[in-house]
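In: below is the sequence, then the predicted model.
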Amino acid sequence: MSSISQIPVQVLTANDGLTGQAEAVLTEIAEMLSRFLETGKGDSIDLRSLPLSPADKIWLDEQLGRGEVEIGIDAGGRSVVTETAYAGVWKIEHRDTEERIVAELIEVTAMPEIVQPHKTDIEKSYNTLQSSLKQIS
């Protein structure tokens with residue numbers, strides 16, 4: 001029988017496991033923010049499509065920080081839109097009905113697309129409100 005003291009243990013530092021990919025993503029976010037300022041055109045990065053290690057994801061989250069806004073959306077699963085410490089840079093996480101993460105995005109825009117109502121929804125709301133006002137009068 002082996003003793004527990006014979007099991008090798010390695011202590012990792014915060015920088016262990018970093019691949020350099022997170023720094024590249026941060027640089028790309030800065031470029032996207034610059035383009036957004038110049039053109040008003042937003043952009044996004046699909047984090048799940050990149051070879052980010054768990055340490056990379058933690059490092060990137062630490063670098064981006066947290067802003068003041070968090071929006072929860074329940075539609076076919078839960079989505080959370082979180083403002084980072086950088087205005088115009090948003091982290092978006094979509095989960096399925098089983099709470100598994102199905103998408104992780106960084107979006108550079110004034111307001112993430114998922115939060116903006118579609119024009120047809122606004123028109124429907126307008127018509128419904130007009131009908132309500134007619135019933136009140």
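Out: The structure has been received and is ready for your questions. The structure displayed is predicted, hence computed values, not measured ones.

In: show me where this structure dips below the pLDDT cut-off.
Out: The chain contains residues with pLDDT under 70 at 1-4, 8-16.

In: show me the strands in it, by range?
Out: For the chain, the strands defined by DSSP state E cover 43-46, 70-74, 78-83, 89-95, 101-108.

In: let me have these in a markdown table, extended by mean neighbour count and distance to residue 32.
Out: C-beta coordinates here come from the backbone N, C-alpha and C atoms, glycine included. Shown next, in a markdown table, are the strands of the chain (neighbours: other CB atoms under 10 Å; distance: least, CB to CB, whole Å):
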| stretch | mean neighbour count | distance to residue 32 |
| --- | --- | --- |
| strand 43-46 | 14 | 5 |
| strand 70-74 | 12 | 20 |
| strand 78-83 | 17 | 15 |
| strand 89-95 | 20 | 8 |
| strand 101-108 | 18 | 4 |
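
In: just the helices in this structure please.
Out: Using DSSP state H, the helices of the chain run over 21-39, 54-64, 119-136.

In: the longest one to strand 89-95, inter-axis angle?
Out: Okay, so that is helix 21-39. 120 degrees (axes from the mean of the first three to the mean of the last three CA atoms, to 10 degrees).

In: packing partners for helix 21-39?
Out: strand 43-46, helix 54-64, strand 101-108 (3 or more CB pairs under 8 Å, 6 or more residues apart in numbering; DSSP states H and E).

In: counting contacts, what elements does the last one pack onto?
Out: Right, the one you point to is strand 101-108. helix 21-39, strand 43-46, strand 89-95.

In: the shortest one pairs with which strands?
Out: Taking DSSP bridges as the criterion, strand 43-46 sits next to strand 101-108 (antiparallel) in its sheet.

In: about what we covered before: next, format the helices and strands packed on helix 21-39 as JSON lines and append distance to residue 129.
Out: Shown next, in JSON lines, are these (distance: least, CB to CB, whole Å):
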{"stretch": "strand 43-46", "distance to residue 129": "33"}
{"stretch": "helix 54-64", "distance to residue 129": "38"}
{"stretch": "strand 101-108", "distance to residue 129": "30"}
